[in-house]
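>>> Fold the stuff below for me.
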Amino acid sequence: MKRFIISLVMISSVILLFHACAKKNISGDAGNLVLGSYVTLDSTINGILDVGNSASTVSIMIGKYVGNPVATINIYVATGKNSEDTTGWKFIKSVAYSNGEVLSVSTAELAKALGANPAPGNKYILQNQVVTTDGRKFSTYNTPDTYNSFPAYHMGLTWYATAVCSFTGHMAGDYYLTKDVWNDYGATPSNPVLVPKAVVDGPGANQISIWVYPGAPAGGVETAPMIVDVNPATGSATIEKSDIGNYGSASSETIVTGTGFVFDCVGVIDLTITFNYGGSIYANQEMLLQKNP
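Numbers count the residues shown, from 1 in each chain. Modelled structure (predicted):
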């Protein structure tokens, strides 16, 4: 009986499906489609923006267009939580299209569009709006995500600017720990913890030594600093493999590696650390330090 009822339901569903299809156009019918357009991405030239230099630029090279001929490209910076919501886009500039054209945005241009200076540590989303020769406009807003995210299409509609500042080497001092995923201090943005002499310059050029972990509140014993190499042009940072101490026993010996940024101009250090704690690996442990003025 149960099988008979299920069969009736299935037959009814099929009838309703055919009835519905007969009453409206099929969305995949080529006759209902309008030819759009997009530009392809040839290469990313630079994605790092030095906020201390108004002439610093991020840039990409675009390739051929696909679809209707392209006249110009409008470049915007997306603000708000939804990067595809055009109501949050701020216009930067318009560029005439050509195959092989280099699109660039400077610190000054981004600041003008935002109405404020770009902040180090922020990753800004840039959106290209393609304007065809017949005046129509196409962007991620009206291009399906399935196309925009599929690598085979090489779409050049979205690109990025990571705001950084150059490294001078004067980072020594006391710091507030504002993010402590490793949780030795229980620090949070709303409950920062002051760590005296957390950072020392050196031991070498373009290096800093960090004395934060293993943290004393968690029973940690620091035997050596975390050594961080810093790219002086961009502030990008790499933690050298460092044996930094333990938590009271040899079985809790702690070794660290990781990457991140040192934002010299605002006194911020943002590192994502991998801890080898007694032979067990704990990745993606973010530490955020803010220099005490």
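>>> just so I have it, where are all the strands in the stretch 101-250 of the chain?
All strands of the stretch 101-250 of the chain, identified by DSSP state E, counting those that start in this stretch, fall at 102-106, 123-132, 137-138, 158-164, 173-180, 193-201, 207-210, 221-222, 226-230, 236-246.
>>> Tell me which of the ones you listed lies nearest to Ser94.
strand 123-132 (7.9 Å; CB to CB). In this view, the C-beta of every residue, glycine as well, is placed from N, C-alpha and C.
>>> Which positions within the closest one qualify as buried?
Neighbour-count burial for strand 123-132, counted by 16 or more other CB atoms under 10 Å, picks out Tyr124, Ile125, Leu126, Gln127, Asn128, Gln129, Val130, Val131, Thr132.
>>> Export it to CSV, keeping only CA atoms.
Provided in CSV are the C-alpha atoms of strand 123-132 (Å, rounded to 0.1, in the frame of the first residue of the first chain):
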residue,chain,number,x,y,z
LYS,A,123,42.6,44.0,1.9
TYR,A,124,40.6,46.1,-0.5
ILE,A,125,38.4,44.5,-3.2
LEU,A,126,38.6,46.3,-6.6
GLN,A,127,35.8,45.7,-9.1
ASN,A,128,36.0,46.2,-12.9
GLN,A,129,32.8,47.2,-14.7
VAL,A,130,33.0,46.5,-18.4
VAL,A,131,31.3,49.1,-20.6
THR,A,132,30.5,47.8,-24.1
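>>> Just want the angle from it to strand 158-164.
150 degrees (axes from the mean of the first three to the mean of the last three CA atoms, to 10 degrees).
>>> Can you list the strands that strand 123-132 pairs with?
strand 70-78 (antiparallel), strand 137-138 (antiparallel), strand 158-164 (antiparallel) (DSSP bridges).
>>> export stretch 184-191 as PDB, just CAs?
C-alpha atoms of stretch 184-191 as PDB (Å, rounded to 0.1, in the frame of the first residue of the first chain):
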ATOM      1  CA  ASP A 184      48.100  32.000  26.900                       C
ATOM      2  CA  TYR A 185      46.800  35.400  28.100                       C
ATOM      3  CA  GLY A 186      43.100  35.300  27.300                       C
ATOM      4  CA  ALA A 187      43.600  38.600  25.400                       C
ATOM      5  CA  THR A 188      40.800  39.900  23.100                       C
ATOM      6  CA  PRO A 189      40.200  43.300  21.300                       C
ATOM      7  CA  SER A 190      37.900  44.300  24.200                       C
ATOM      8  CA  ASN A 191      40.300  42.900  26.800                       C
END
